[in-house]
Each structure stands twice: as structure tokens, then as C-alpha cells.
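> Just to be clear, the model below is a prediction. Sequence and coordinates:
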Amino acid sequence: MRTLHQQPQPLQGQPSAAPLRLLLHRMSAGFPSPAADDTEDSLDLNDYLVRHKPATFMFNVRGDSMRGASIEDGDKVVVDRSLQARHNDIVIAVVEGDYTIKRLHQQHGRIELRPENPAYQAIVLNTERPLEVWGVVVGVVRRLTRGG
Amino acid sequence: MGRGGRRGATLDTRGLGMNTPAQFALVDVNNFYVSCERVFQPRLHNVPMVVLSNNDGCAVARSNEVKALGVKMGAPWFSLKDLALLHGIEAFSSNYTLYADMSQRVVDILRDYAPDLEVYSIDESFLRIEQVLPLHGGGVALGRQMRQRIRQWTGLPVCVGIGPTKTLAKFANHLAKKQSVFEGVCDLNALSRPERQDWMAQTEVREVWGVGHRTARRLGEMDIHTVLDLRNTPPARLRERFGVVMERIVCELRGVSCLGLEDITPPKQQIMASRSFGRPVHSVVELREALSAHVARAGEKLRAQQSLAGAVHVFIRTNPFKPDDPQYNASLLVPLPEPSDDSRVLSDAVWVALRKIFRVGFAYKKAGVMLTALSEARRQQHGLFTDTTTRTRDAELMKTLDRLNLHFGRDTIHLAATGTSRDWRMRSANRSPRFTTRWDELPSAQ
């Protein structure tokens, strides 16, 4: 780094534009922090769970129809509307005006919304009851109760 | 949260655009409030419904079914009760938290297409698109893509109008919305000259952006009835009767761009109030108090210069000079449902923003409020969501408040911005849950 009290030097012709760079860390009087070079952004759960922010919504899960997929009553699920639902995706679908969370089974022209719990029936879709996917479930969030 | 970095990018594209003639797109959400409600309540599809203004007074958004019944914008709810009973019209209280969140999502999606963007109101944005048009294969293709993506990502239906000036983009948007042949996207550049003139001849002059009811009547006296009539009138003839604004409208209708995007607001167009705290502040309550005081001051300045704010920008940050402390800074721009100088509206917006950006566990050093998207109070576009009687009463209230504070010293009278006993709180008897912003109000799936 140059300091101000160097011998003055004559300018050589047209000086090229000197690139200015913003300092990314603060200068402080005293010793520099030895950790300054190693700092990184802290972990952000949003980064981990959310791919398309404007298209991402959260839903509350009620009931145990998806227990087999480790989605429990009271869980919050992350729903991405930007994704086109595919066979075997877990989706939020609209059936008779209500939301349901199920696994989409779409094979050989047969479309079903399958629960992951033998106590429940699959919902079969057809021309009378067409498939209406609200969004694709891409994550599950659960807080654990202590001692429980 | 880093929403701050966008301004720079905007400047760059502006510089590049010098040689390409301007092209504007106006994207707006159809029946915005109604559409937001329907996204989260699928059973409401095809159900006739309205959203009511503050205090549940008037219909400020109507579904197409309700429009078809002849219900006018701003119709008082009590006058609709018989009709509602007969046709099963459902009424919802305004859920501005939900609408602001959905609005932000639409703007975020649009910014991916064209960073040069002006949020004109909660449900409309202008975009400068001449630089990105070639990437998408022209205006119609770009419009369809934006429409499709917003529909899929947010569930909201939008219409897109494209033209070489803002006024023409607005006109194109009107066609996109009203004429089914366009399927929601109208690019005036894609029409032949006779076709354009034909549509202008079919559209009443009062549909032109900036032409109000009274102006339309006065134009009618001059035998100017359609958009085409207005376009073909020599601007000089209009200047003496209507002033330069009308002259500019005619130029814009002729394809000469006079109005740019107002995304880069000159310093005087913003009102800022911020302060560093004497000691570190940790709680949301304290931050809220500080921000309430700031927004009250900013509101005074706003009214003193007779402006209205279109959006409220809130920021909070920790002390960057204490690198050993955990650092956090965040800001959020909250567009207002309509431009306002009402401290209560501004203060509500601040609270919406603060709740979104506040994080526990930081020592906050500074907080501030900036009022932006300012417009002149006199020139406010009335019509859409305006309940003029309460507006005048509110203006009187604010004037009195400012006068008292001037007389007896600052803060003689101030808004009770904490606690839930605010008697001015919106009555919202039938507000839908805040589906997108509250953990305890998420939609449920079984």
C-alpha cells in the first residue's frame, strides 16, 4: 500500500482510470481482527428451504394422512408454486374447494392423490374431478417440544 | 433481505437504452384484492364477491360476477345488502397485509424480466422493456410469459399492455383487459396502423390515463369523444384550455414518450426520518416506538409540502462499528394501497414492515423511515379505491393534528401507536387470515 509521503512522481502521459474498490471490511484503530478474513454469512434457513422466493408459501398440516412420508400433524410445509408437479411429488392439491396434502401418483393415464397412511383412501381423479395442484411441497419444518 | 442493491442496476440499463426507442409495459392484476382472496380460498372461485374499504364501508374491489350485476366501484355495502342476499354475494374486509405481500411477490417476479421498473400502485407496475424485448422474441411473447409466470407462481391473473409511451402502454392494458381477443396481452407495436386507429376510435376518451370525468366532459364539449379524437387534436389547441399536462398526453398518444419511469426519485421527492439510538435497542416494542415517532415527523413534512406518499420504506440496522457484535441490517419497501398523507396509514405500513424485518437477538443502533413515491396531493388520481367523504374528513383531522402540534409543541397530540386499544383501528369484521405472513394463520391442508 502506498502512503502519502512518498516522493512525488511525474504523471506518465494519460493515466488510465484507476479502478476504485470498496473495502469490504471496516478499518478500526488498533489491531485488526484476526478473524476478519474468515467471516462468512451465517446459515440462513430461508436459503436452505426456499428456491423461488416469490413463489414460495407455507402451509399448516392437519391430520396424519402423510405420516409415512414423515409429515405429521402440526408440521409446516414449504410449498413452491413455480414447480410443475410430477409423478411422485408430494403436493398441495385442491379437492372440492379444500386443500389436501398427498403424494401425486400419475402413471399410465391414471391420476391419484395417495396418502402415506394405510388408514386413508387414495383420491382418484378423472374428467369429472380433475387434478388441481396448488403447489409442490419441497420442505417440512417442525419445532420439537423439549422433553417430549 | 438485501433489497438495497437494485438502484445501481437500474441506472446501468438506463444508460444503455439511449439509442433504442423506449418501450413500456404496464402490468396490472385483475380485480387485485378479490384475486388475492381467491388464491387462498379456492371455494371462492366463481362466487360473486366484494372486498370492502376500511371500516367495511364501501366495495373497493368486485369480482367479475359482481361487476356483471351492475355494482359500481365504491358502492356502500349497506346499499348492496339486498342484492347480496339475492345473489349470494360474499363480502370480505380488506386484508392489506395479504395484499401487500402478494404485491411484493408480483413486483419481484417482474423485476426478473426488467429491472427498470416503477411500482405505480399496489397492483400496477410500469416496466421499461426495450432492452429485454429481443431476449423474449417480442412484446406479445414477453407479455404472455410474464402473465403465465405470475399466474403459476402467485395464482394471480394479470393483464399486460405494451406501447412506446406510458400512456399508450396504459391504453394497451385497457384493451388487454376489456377485449377478449387479446387474451390478456396487448402489444400496440404488433398491431397495424389501421388496427390501432380502429381500437382508439372504439374507446372512449375517459379511458385515457390522466383524463378524469370532468376533463372528459369538457373534451366532449370540444367534440372530442374517443381516444382517436384526442390523438388527432393539435396539442396547441388543447394547451390553452387544459394546460401542458393535456398537451403531454396527446404527445404520448402519438408515440412520443414524455413520461419516464419514476423509480429514481430525486432527493426532494423523498422524506426521510431516522436517528441513531443513544443505547443499543433490543426489543421490537422499542423499535416500533422509535419508528412511530419518525413516521409521525415524516408525515408532518409530507403534509407541509402537500404531498402524498405512495410507499413507505423502513430500515433497521445494528452498529457496523462494533464488528464483534452480530450484525444485521434490513429494509423493506411497503407500497400503500393508495397514495396517502394520513399518519395512521403510514404508521400501519411501518408496522407491517417492521414485523417482517425484525429479528430477535441483535443490538439495534439505528432505525429510520423514508416516504417515497411522492405525488402532489391535489393531483391525486381519484376513482378506483377512493371514498372521498372519509378522505376529506381524514385530511381535516391531520391538519388539526399538525396545527395543534405546531401551536403547543411537538407531540402535544400523537397517534397511539402501541397497544391494541386504538379506536381508529380498521373495523374488519370479516377479514381473511393473513395467510402468507403469520405462522398462526397459515392455510391448512389435511
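That came through, no problem. Computed from a predicted structure; not experimentally measured. Residues are numbered from 1 along each chain as shown, chains lettered A, B, ... in the order given.
> what does stretch A:108-117 contact?
Contacting residues not belonging to stretch A:108-117 are listed as A:64-69, A:71, A:91, A:93, A:95, A:100, A:102-106, A:121-126, A:131 [Cβ atoms under 8 Å, 6 or more residues apart in numbering or on different chains]. C-beta: built from backbone N, CA, C; applies to glycine.
> Show the contacting residues for the residue nearest to the spatial centre of chain A.
Centroid-nearest residue in chain A: A:Val50, 1.4 Å away (criterion: Cα atoms, centre = their mean). With contact set as Cβ under 8 Å, 6+ apart, A:Val50 has these partners: A:Thr56, A:Val78.
> From A:Asp44, how far off is it?
A:Val50 sits 9 Å away from A:Asp44, going by Cβ to Cβ, to the nearest Å.
> And the next helix or strand past the lowest-mean-pLDDT helix or strand in chain B?
Lowest by mean pLDDT, DSSP states H and E among the helices and strands of chain B is helix B:6-16, with a mean of 39. Sequence order places strand B:24-29 as the next helix or strand after helix B:6-16, per DSSP states H and E.
> Following that following strand in sequence, what is the next regular element?
Downstream of strand B:24-29 (by DSSP H and E), the next one is helix B:32-40.
> Now do the buried residues in that following helix.
For helix B:32-40, a neighbour-count test (16 or more other Cβ atoms under 10 Å in any protein chain shown) marks B:Phe32, B:Tyr33, B:Val34, B:Ser35, B:Cys36, B:Glu37, B:Arg38, B:Val39, B:Phe40 as buried.
> Run through the residues of chain A sitting next to chain B.
Neighbours of chain B within chain A, by Cβ under 8 Å from any Cβ of the partner chain: A:25-26, A:28, A:33, A:36, A:42, A:52-55, A:57-63, A:65, A:76-77, A:81-82, A:92, A:94, A:97-101, A:132, A:134.
> Return the subset of those lying in strands.
Counting by DSSP state E, the residues of chain A next to chain B place A:57-61, A:76-77, A:92, A:94, A:98-101, A:134 in strands.
> now the strand or helix carrying B:Arg303: how far from the chain's centre is it?
In the assignment (DSSP H and E), B:Arg303 maps to helix B:284-304. Taking Cα atoms, centre = their mean, to the nearest Å, one finds the center of helix B:284-304 at 21 Å from the center of the full chain.
> Quickly run through the sheet partners of whichever helix or strand comes after it, with directions.
With elements assigned by DSSP H and E, the helix or strand that comes after helix B:284-304 is strand B:307-318. The strands that strand B:307-318 pairs with in its sheet are strand B:329-340 (antiparallel), strand B:364-372 (antiparallel), strand B:375-376 (antiparallel) (by DSSP bridges).
> Put the alpha carbons of the first one into CSV.
So the one you mean is strand B:329-340. The C-alpha coordinates for strand B:329-340 follow below in CSV (Å, rounded to 0.1, in the frame of the first residue of the first chain):
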residue,chain,number,x,y,z
ASN,B,329,-29.5,-4.8,8.6
ALA,B,330,-32.7,-5.0,6.7
SER,B,331,-35.1,-2.8,4.9
LEU,B,332,-38.4,-3.2,3.3
LEU,B,333,-40.5,-1.1,1.0
VAL,B,334,-44.2,-1.3,1.6
PRO,B,335,-46.4,0.0,-1.2
LEU,B,336,-49.6,1.7,0.0
PRO,B,337,-53.0,0.6,-1.3
GLU,B,338,-53.3,4.2,-2.5
PRO,B,339,-51.2,7.3,-2.0
SER,B,340,-51.7,8.8,1.4
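> Just want the angle from it to helix B:284-304.
Angle of strand B:329-340 versus helix B:284-304, following axes from the mean of the first three to the mean of the last three Cα atoms, to 10 degrees, is 40 degrees.
> thought A:Thr140 was touching A:Ile71?
Just so we're on the same page, residue A:140 is Val rather than Thr. Yes: with contact defined as Cβ atoms under 8 Å, A:Val140 reaches A:Ile71; the gap is 5.6 Å.
> any idea how far chain A is from the closest residue to B:Asp116 other than its chain neighbours?
By the measure of Cβ to Cβ, 6 or more residues apart in numbering or on different chains, the closest residue to B:Asp116 outside its immediate chain neighbours is B:Arg128, 3.8 Å from it. Distance, B:Arg128 to chain A, by Cβ to the nearest Cβ, to the nearest Å: 20 Å.
> The closest residue in space to B:Asp187 that isn't next to it in sequence: what's it in contact with?
Sequence neighbours aside, B:Gly139 is the residue nearest to B:Asp187 in space, at 3.3 Å (criterion: Cβ to Cβ, 6+ apart). Each residue near B:Gly139 by Cβ under 8 Å, 6+ apart is listed here: B:Gln23, B:Ala25, B:Ile129, B:Leu133, B:Ile162, B:Asp187, B:Asn189, B:Ala190.
> separation between the most centrally placed residue in chain B and chain A?
With distances taken as Cα atoms, centre = their mean, the residue of chain B nearest its centroid is B:Ser121 (1.6 Å). Distance of B:Ser121 to chain A, given as Cβ to the nearest Cβ: 18 Å.
> which residues touch that residue?
So B:Ser121 contacts B:Gly310, B:Pro335, B:Pro337, B:Glu338 (Cβ under 8 Å, 6+ apart).
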